[in-house]
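Trainee: quick one, what's the 3D model for this:
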Amino acid sequence: MTNRWNWLKVRLSQINSNPSRFARDIGWQASRVYELFSGKTKAIPLDKIAKASTLLGVSLDSMINFNSGLTSQIRYASSDELDTGGYYSQESVPEIDIYDTEEENTDFLQETTYCYNGHNLANKNVRCNWKIPADFLNELKVQNSDVYIIQAVGDSMNPTICSGDKLIIDTSSKGKKPSPAGIFAIWDGIGISVKRIELIPNTEPQLLKISSDNPKHSPYERKASECCIIGRIAGVIKRL
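Mentor: Numbering: from 1, shown residues only. Have a look, this model is predicted:
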């Protein structure tokens, strides 16, 4: 007897995926996907259906009806129903202007006048929304709800980061100690900038070393209590 979930094997192969990856991406156990194929498990949990339908490029209503046993047919989604299909799915990431603020802190990231895809921002700080492949964000090991895009300004981080480059910033580290050391967007008590930040060990109060890649800019130190980490730079979109 043919298993009703055999189409899923075929579809995963078509989109260059596999049961383990599919399970990970919908937040399920890989063993349960294999149980679909063996018949031991009959359906995908309802709270995972929407994500599964998007990843597979299947119409949501079709996926719900098939999963519940109301139909044996699967209908693939049209371009009007999905932004993208299967593992070409994309996430919306807002580009924000972190420099356009009169606040001497980073509270603008907590404003609630604008909400999109889990991001809460002030309207005035949102420049546009980018579509970024979900796979790329996974490779960066960042969560979509923590990610923003900012534009580099100035030459202090040349040649690593140039003015006009778009920076993918992971704000899961916001307000935390910059450990391990790396490149961060930071409020240093004077303004917002993108710099190399590292903790200076055995200092009381705790000091931060703030450095530029451009040797024309001198490193300096600040008390950690006077600064606020906005986020770690997870990636750079550069001009050529």
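
Trainee: can you list the low-confidence ranges for the protein?
Mentor: For the chain, residues meeting the criterion pLDDT under 70 lie at 1-2, 77-91, 99-125.

Trainee: centroid residue for it?
Mentor: N144 (2.9 Å; Cα atoms, centre = their mean).

Trainee: test my guess that it contacts F136.
Mentor: No. Contact criterion Cβ atoms under 8 Å: N144 and F136 do not qualify, at 10.9 Å. Every C-beta, even on glycine, is put in place using the N, C-alpha and C of the backbone.

Trainee: separation between I192 and L137?
Mentor: I192 is 24 Å from L137, where distance means Cβ to Cβ, to the nearest Å.

Trainee: which stretches in the chain count as helices?
Mentor: Here the chain has its helices, by DSSP state H, at 6-14, 19-26, 30-38, 49-56, 60-67, 134-139.

Trainee: which of these is buried the deepest?
Mentor: helix 49-56 (a mean of 21; mean count of other Cβ atoms under 10 Å).

Trainee: tell me the domain ranges of this structure?
Mentor: Following automatic domain parsing, the chain resolves into domains at 6-87, 90-237.

Trainee: neighbours around the closest residue to I210 other than its chain neighbours, how many?
Mentor: Excluding the flanking residues, the one nearest I210 by Cβ to Cβ, 6 or more residues apart in numbering is K195, at 4.9 Å. Number of residues near K195 (other Cβ atoms under 10 Å) recorded here: 24.

Trainee: quick check: bridge partners of V194?
Mentor: Beta-bridge pairing of V194 under DSSP bridges involves A185.

Trainee: who are the neighbours in contact with it?
Mentor: Going by Cβ atoms under 8 Å, 6 or more residues apart in numbering, V194 touches I150, A152, S156, M157, I161, L167, I183, F184, A185, I186, I233.

Trainee: give me phi/psi at the fourth one?
Mentor: The phi and psi values for M157, taken as degrees, to the nearest 10, are phi -110, psi 10.

Trainee: surely D25 and L56 touch.
Mentor: No. Using Cβ under 8 Å as the test, D25 is too far from L56 to be in contact (10.3 Å).

Trainee: kind regards, and thank you for your time.
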